[in-house]
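1. only geometry, no sequence info:
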């Protein structure tokens, strides 16, 4: 999402100022159009050729899912290898795959301009990372201690993520 003040957008609409090219690019990604769509005169019907087809959005989803499946395939390979050759049940690797997937989602989210998902991906990342750490420590210590307070770290991080989404560019 492009986060600019109502005043800045009003100036753009009145022609008193122009947004930066990066902002125009973000707007294009949000509305699924090319830069030509924003810069050419005419009605929607006259500018249909500048609308990004729905198939491109579908392709982006498929690419993201393919990369995600690579992560999960790697996790399964490591799990099976550890079980077969080292007789070690490394089940926590499946939990570690969740924050790894969040990093992948964050990358594609930033690449394709859907920044409105930042707080959701960030939140899932923080809590799955903390859960992974908690389980890894718990399993490594043979369940001797109670490490639940590790999750308290997530509270200020979650608040910071919420505040980051409220920042606006002026």
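-> Thanks, I have the structure now. The model shown is predicted, which means the values in this text are computed figures rather than measured ones. Residues are numbered from 1 along each chain as shown.

2. Summarise which helices and strands the strand or helix carrying residue 110 is packed against.
-> Using DSSP states H and E, residue 110 falls within helix 92-111. Counting contacts by 3 or more CB pairs under 8 Å, 6 or more residues apart in numbering; DSSP states H and E, helix 92-111 packs against helix 54-85, helix 118-140. For every residue, glycine as well, the C-beta is placed using N, CA and C.

3. Look up how far residue 167 lies from residue 133.
-> Taking CB to CB, to the nearest Å as the measure, residue 133 falls 28 Å from residue 167.

4. show me where pLDDT drops low in this structure?
-> 1-3, 54, 113-116, 143-145, 168-170 (pLDDT under 70).

5. Find the nearest non-adjacent residue to the residue nearest to the spatial centre of the chain, please.
-> Residue closest to the average C-alpha location in the chain (CA atoms, centre = their mean): residue 106, at 2.8 Å. Distances taken as CB to CB, 6 or more residues apart in numbering put residue 121 closest to residue 106, at 5.1 Å, once the chain neighbours are dropped.

6. Roughly how far does that neighbour sit from residue 58?
-> From residue 121 across to residue 58, the span is 20 Å (CB to CB).

7. Of the two, which one has the most company?
-> Neighbour comparison, residue 121 and residue 58: the larger count goes to residue 121, with 22 against 10 (by other CB atoms under 10 Å).
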